[in-house]
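Student: Predicted structure and sequence below. I'll ask about it afterward.
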Amino acid sequence: MPTSNIPVITIDGPTASGKGTVAHKVADKLGFHLLDSGALYRLTALQALRRGTPLSDEHALAKVAEHLHIGFTGEAIFLSNENVTDAIRAEEVGNTASKIAALPAVRQALFGLQLGFRKAPGLVADGRDMGTVIFPSAQLKVFLTASVAARAERRYKQLIGKGISANMDDLLMDLKARDDRDTHRAIAPLVPAEGAHVLDTSDMTVDAAVEQVLHWYAAVGK
Ligand code: DC
């Protein structure tokens, strides 16, 4: 099957909108592969922080992205054979990922890697620019969103659940700053793709959101 015929569902949206969880479940239900593109920016950020790469050095950061040794096994994520599943979720890593994601050379360095995830029988791709830039030919495009308050509360519960202390005011401030950076950057900004179905999950359970996406997918091409 030519790659362009392999089905892709893109799920884009702001941070903590629940898109990661929804994407995982949709991929499981359909038996599709999963691309967590945010993890690639987080892995680049983690590696750069560890190496002390200056966040002002776009060329050096692109080199870091280009030479990542990554592995995805089930839900676990590896960097050079080290399990970094939890390490890449730290707030500092997320904030750094958002900063370096605004750099064109970094995005370019991760471009081909992302296309390579399009494999039979299909792919669910989650991120910010999956439907707009990476997979514009996707069969279904979803833009998942939720109010800032709902997202901050989810992030708060997630962190507390992991035994990490969190402060609601700081979380709200961080979320707004990250939204602002992701939405207003010059390259591949966070916007719904043309033809995307917008789903506001503020008052929705994860399962209801998953059902809605599957329902839209079942209707594709009909
Ligand atoms: O989805 P996430 O929170 O794991 O993503 C971390 C950061 O990576 C996010 O703040 C912006 C960036 N990102 C991006 O620019 N493009 C993507 N496709 C995915 C993530």
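Tutor: It's in. Numbering: from 1, shown residues only.

Student: By neighbour count, which bits of stretch 115-135 are buried? Give me those.
Tutor: Buried residues in stretch 115-135, counted by 16 or more other Cβ atoms under 10 Å: 117-118, 122-135. Every residue, glycine included, has its C-beta placed from N, CA and C.

Student: Just the ones of those in helices?
Tutor: Residues of the buried residues of stretch 115-135 located in helices (DSSP state H): none.

Student: In the chain, mark out all the strands, start to finish.
Tutor: With DSSP state E as the criterion, the chain has strands at 8-12, 33-36, 70-73, 76-79, 82-83, 123-127, 140-145, 197-200.

Student: For L159, which non-adjacent residue is spatially closest?
Tutor: A166 (4.1 Å; Cβ to Cβ, 6 or more residues apart in numbering).

Student: what's around that neighbour, how many residues?
Tutor: Neighbour count of A166, defined by other Cβ atoms under 10 Å: 15.

Student: ok, now how distant is L61 from S80?
Tutor: With distances taken as Cβ to Cβ, to the nearest Å, L61 is found 17 Å from S80.

Student: can the strands of the chain go into JSON lines with extra columns for mean pLDDT and distance to R51?
Tutor: Below are the strands of the chain laid out as JSON lines (pLDDT from 0 to 100; distance: least, Cβ to Cβ, whole Å):
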{"stretch": "strand 8-12", "mean pLDDT": "98", "distance to R51": "29"}
{"stretch": "strand 33-36", "mean pLDDT": "96", "distance to R51": "22"}
{"stretch": "strand 70-73", "mean pLDDT": "91", "distance to R51": "16"}
{"stretch": "strand 76-79", "mean pLDDT": "96", "distance to R51": "12"}
{"stretch": "strand 82-83", "mean pLDDT": "97", "distance to R51": "14"}
{"stretch": "strand 123-127", "mean pLDDT": "97", "distance to R51": "24"}
{"stretch": "strand 140-145", "mean pLDDT": "96", "distance to R51": "33"}
{"stretch": "strand 197-200", "mean pLDDT": "96", "distance to R51": "38"}
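
Student: hang on, the earlier thing: also within reach of the ligand: list those from the buried residues of stretch 115-135.
Tutor: G127, R128, D129 (Cβ under 6 Å from any ligand atom).

Student: one step back: who has more neighbours, L61 and S80?
Tutor: L61 (24 against 12).

Student: Would you mind pulling the contact partners of stretch 17-33?
Tutor: Contacting residues not belonging to stretch 17-33 are listed as 7, 9, 11-13, 34, 36, 38, 75, 117, 119, 121-126, 144-146, 151, 154, 201, 206-207, 209-210, 213-214, 217 [Cβ atoms under 8 Å, 6 or more residues apart in numbering].
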